[in-house]
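>>> requesting a structural model of the entry that follows:
(chains A and B)
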Amino acid sequence: MSLLQTIAQAVIDGDEVAAAKHVQEALDRNLSAKQILDEGLLTGMTEVGRRFRGGEYFIPEVLIAAEAMKAGMNLLRPAMLKQGVKAGATAIIGTVRGDLHDIGKNLTVTMLEGAGFEVVDLGVDVPPERFVQACRERDVKLVAMSALLTTTMPEMAQTVKKLREELAPTPKIIVGGAPVTQNYADEIGADGYGMDAASGADLAKRLCGLN
Amino acid sequence: MPMTSRERVARCLRRQPHDRVPMFDWYWLEAEETYVREIGDPRLGCGIHHARTTPPDKLTLWDYFDFDLVQVAWPDQRLRMVEPEVLEESDEWVLLRDGNDAVMRWWKRKMGTPEHVRFGIDTPEKWAKVKPLLTASRDRVRWEEFRPRYRRAKEQGKFICFAGVEIIESVKDTLGHEMMCKAMLKQPDWVRDVFETYTQFEIDMFYLCLAEGLECDGAFIYGDIAYKNGPFMSPRHYREFVFPCHKRFFDEFHKRNMPVILHSDGDIRLLLPHFIEAGVDMINPLESRAGMDVRELAPQYGDRLGFCGNIDVTVLTTNDRERILAELESKMKAAMPYRGYMYHSDHSIPPGVTLETYRWLLDEVRRIGRYE
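Next up, the predicted model:
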């Protein structure tokens, strides 16, 4: 197994000690930060996403894989800055206004980072204008919204409308959450619907051309 | 002689012939308040969600709609390591530090899952210090609320359930979802100890309630073990960490001939065979949007498991009687032949279901639910 494959495996296994150790080894061997990121850490998280979608991995396995990736990223980040390696794209995520639920959103943050996005997490109870403001402050390619309650779903429609009215070009918009469906996403004019965190991240990659 | 509710639910839980489908339901806070206001009966109060501020002699919607089942006890499973404290608030929400030293943000005037801000117990060492606090005690039950309800239920021949919280729910309120899930893989001995400690506590509280005279006919145990896309943990981890605790807890009820109804939102299909083995007699509420469908599950499990729920609240909120009738007939008629079906919405009745629709719906449930 190559060193990069070993890094990927450490992420898949959720072994943060091994992930950190092997990322440091890769840096010491002067492998490029981009290679360590793409062929090591992100390859590992892509496999984690595949196993999650396939019902082999559940939330505990995804959470420890995310910790392993984070341990590797903490060491890699200075090298990425130095070598001008940037995330594939920037994504904004939040739970819509009136909704405090964050577990699903947090899992989606993990999967989006694993898919190569830089993620700005706006938190919960986010009004439409804050989504717009966050997009104005940076070059955002994707907005992801979550809602847990049927009573807060209309806020998704409001936010999509506001984004489309006030931003040109509009970032890609994906929605998800327990009561949300593909039909609803189509109805409100979102670009996509993620039925779970891993599918959402896959969709985000496709929509933003990160394959 | 017509059956009492107690007989009806008892026979339903054992899949024995009974006269009609028993009935129970839960409500969003806003729905309860609206119904109570619109009904306008001075005997009625919002005792389901505002138990602490509603006089105990007030009837609940469960009484008003003459449901068959009553819940009592609901022991407080908080550690009580700190006094609850409001840290910050606005007109809309309150940031509360609870007895587990967990900080969560709650809406003030509507229901919903709180925002999990932080949890105080995040290491085995911190747990070891507070674990002795989890001791069964009389003051963990609101006797002033439940004794009147219990007496009324006994007089009326209702099926009385000991109501409590199952261990995943208790543990996630203490450690948080993330820590609980990660600890299963990274610190299994610690999280196993947490699960076992809560299990013993729940059993001790059950026996304390018995000693206080709450003789119950069954148990209704609440948790959320899954979400829309499946269980929070793999069946393997459920089996390793939770199954022994569930089996031990549910065995205590079975020793006293009390069937067990287990509540979990989400898609629990992967765990159903394990729940049955652990001693669950009936599951609730069977969330439709999570893929739970009694029309599929009854043929698979109906000989050994009962079903309480699955009436889709998104259909009910249309207030379209044709659609609601189709929903009731389709699901009730699929489940009824197995004689283990109890009416309940697939989650909680939301405020969008008008009182008029709801009254009509319950009449239809009674009509369709009659066994010839």
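
>>> when you work out contacts or count neighbours from here on, use the C-alpha atoms and nothing else.
Noted.

>>> neighbours of residue 86, how many?
Assuming you mean chain A. Residues within reach of A:K86, counting by other C-alpha atoms under 10 Å in any protein chain shown, total 15.

>>> wrong one, I was asking about chain B
14.

>>> so it touches B:L96, yeah?
Yes. Using C-alpha atoms under 8 Å, B:V86 is in contact with B:L96, at 4.6 Å.

>>> what's the single longest strand in chain A?
strand A:89-95 (DSSP state E).

>>> so for the next helix or strand after it, what gets flagged as buried?
Moving toward the C-terminus from strand A:89-95, the next helix or strand (DSSP states H and E) is helix A:103-114. Using 16 or more other C-alpha atoms under 10 Å in any protein chain shown as the test for burial, helix A:103-114 gives A:I103, A:G104, A:K105, A:N106, A:L107, A:T108, A:V109, A:T110, A:M111, A:L112, A:E113, A:G114.

>>> what's the closest non-adjacent residue to the fifth one?
Read that as A:L107. A:A197 (6.1 Å; C-alpha to C-alpha, 6 or more residues apart in numbering or on different chains).

>>> please apply the same query to the third one.
The spatially closest residue to A:K105, leaving aside those adjacent along the chain, is A:S146, at 6.2 Å (C-alpha to C-alpha, 6+ apart).

>>> the one you found against A:I92, yeah?
No. Applying C-alpha under 8 Å as the test, A:S146 and A:I92 come out as separate, 11.4 Å apart.

>>> more neighbours: which of these two?
Neighbours per residue (other C-alpha under 10 Å) separate A:S146 from A:I92, with A:S146 holding more: 29 against 25.

>>> who's in contact with that one?
A:I93, A:G94, A:T95, A:V96, A:G104, A:K105, A:V175, A:G176, A:G177 (C-alpha atoms under 8 Å, 6 or more residues apart in numbering or on different chains).

>>> same question for stretch B:117-137, mean pLDDT?
Mean per-residue pLDDT for stretch B:117-137: 95.

>>> next, the distance between the ends of that stretch.
For stretch B:117-137, the first-to-last residue distance is 29 Å (C-alpha to C-alpha, to the nearest Å).

>>> closest to A:L167 among the contacts of A:S146?
Distance to A:L167, by C-alpha to C-alpha, is smallest for A:I93 among the contacts of A:S146, at 16.4 Å.

>>> surely A:K105 and A:V96 touch.
No. Shown here, A:K105 and A:V96 do not form a contact pair, counting by C-alpha under 8 Å, at 10.5 Å.

>>> quick one: common contacting residues for these two?
Contact criterion C-alpha under 8 Å, 6+ apart; residues shared by A:K105 and A:V96: A:M145, A:S146.

>>> on that earlier part again, need the buried residues of helix A:103-114 in TSV with pLDDT, can you?
Below are the buried residues of helix A:103-114 laid out as TSV (pLDDT from 0 to 100):
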residue	pLDDT
A:I103	83
A:G104	87
A:K105	92
A:N106	90
A:L107	91
A:T108	94
A:V109	94
A:T110	91
A:M111	93
A:L112	94
A:E113	92
A:G114	90
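
>>> ok, those residues vs B:S137, which is closest?
Minimum distance to B:S137 across these is 32.7 Å, recorded for A:I103 (C-alpha to C-alpha).

>>> how close does that closest one sit to A:L122?
The value you get for A:I103 to A:L122, if C-alpha to C-alpha is used, is 14 Å.

>>> same check on B:W143?
Distance from B:W143 to A:L122, by C-alpha to C-alpha: 43 Å.

>>> rewinding a little: any idea of the pLDDT on the residue nearest to A:L107?
93.

>>> what is the neighbour count of it?
Neighbours around A:A197, by other C-alpha under 10 Å: 24.

>>> so what's it up against?
A:A197 is in contact with A:G104, A:K105, A:L107, A:T108, A:M111, counting by C-alpha under 8 Å, 6+ apart.

>>> domains for chain A, by residue range?
A:3-82, A:89-207 (automatic domain parsing).
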